[in-house]
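>>> what would the 3D arrangement of this be:
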Amino acid sequence: MNVSVHRDGVATEPGSRVVYDVERDEAHWGEARVDGTAIVWEVDDRPGAGWLVRCDRVDFPPGGIAYRHTHPGPGIRVLLKGRISIESEGETHEYGPLEHWFESGPAPVLAYASPDEDTAFVRVMLVPAELEGQRTIRYVDPADEEKPKLQRARIYFEQPLP
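Next up, the predicted model:
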């Protein structure tokens, strides 16, 4: 999977790709036309039968935290607004708007949103089909499951891998 940002719009052909229209906050599978800023994920990963491509968005209030967690599959996230600090595999990176990062799925991740502004990212990840419509986050420390979660996720679509 790879991602590209198109600040002056994009038109895509049918195929295995996700197109996100930043201004309209809409995501499309395959063919799309966006006149403003667009993010395009080319989905060339094929883990086998029984997987979905999910496009969703996660919003954090100022100071939000995604406690150390994993997901069942890989994906690329693109920050839409704010700033976010990602700790994974012994490294920490900070990202700003329209910067992207990869999460493998099984490697634990800890995320800190900007302390003084709303933060949001959109992601495309591969998800086992049995998790369709369900959350995929799994906390490394079971006690974190009980802590208040301020972030909110919204699924745009899930598409079976062709």
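>>> contact partners of the strand or helix carrying residue 86?
Element membership of residue 86 [criterion: DSSP states H and E] is strand 84-88. Applying C-beta atoms under 8 Å, 6 or more residues apart in numbering, the external contacts of strand 84-88 come out as 60, 68, 92-95, 101, 103, 107-114, 119, 121. C-beta: built from backbone N, CA, C; applies to glycine.
>>> and stretch 5-20, by the same measure?
Taking C-beta under 8 Å, 6+ apart as the rule, stretch 5-20 contacts 26-44, 53, 55, 78, 98, 100, 122, 124, 156, 161-162.
>>> list the buried ones in it?
Neighbour counts over stretch 5-20 (16 or more other C-beta atoms under 10 Å) mark 5-6, 10, 12, 16-20 as buried.
>>> what's the answer for stretch 32-48, then?
So, applying 16+ other C-beta under 10 Å, buried residues of stretch 32-48: 32, 34, 37-41, 43, 45.
>>> same question for stretch 69-88.
69-86, 88.
>>> related to what we said a few turns ago, send the alpha carbons of the strand holding residue 86 over as CSV?
Output in CSV follows, covering the C-alpha atoms of strand 84-88 (Å, rounded to 0.1, in the frame of the first residue of the first chain):
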residue,chain,number,x,y,z
ILE,A,84,0.3,13.8,16.7
SER,A,85,3.2,12.0,18.3
ILE,A,86,3.5,8.3,17.5
GLU,A,87,5.6,5.9,19.6
SER,A,88,6.3,2.5,18.1
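>>> sheet-wise, list the partners of that strand with their directions.
Applying DSSP bridges, strand 84-88 is found paired with strand 91-95 (antiparallel), strand 109-113 (antiparallel).
>>> could you dump those to JSON lines with mean pLDDT, distance to residue 149 and mean neighbour count?
As requested, those are exported to JSON lines (pLDDT from 0 to 100; distance: least, C-beta to C-beta, whole Å; neighbours: other C-beta atoms under 10 Å):
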{"stretch": "strand 91-95", "mean pLDDT": "97", "distance to residue 149": "21", "mean neighbour count": "12"}
{"stretch": "strand 109-113", "mean pLDDT": "97", "distance to residue 149": "12", "mean neighbour count": "21"}
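>>> now the helix or strand containing residue 80, how far from the chain's geometric center?
Using DSSP H and E, residue 80 maps to strand 75-81. Distance of strand 75-81 from the chain centroid (C-alpha atoms, centre = their mean, to the nearest Å) equals 5 Å.
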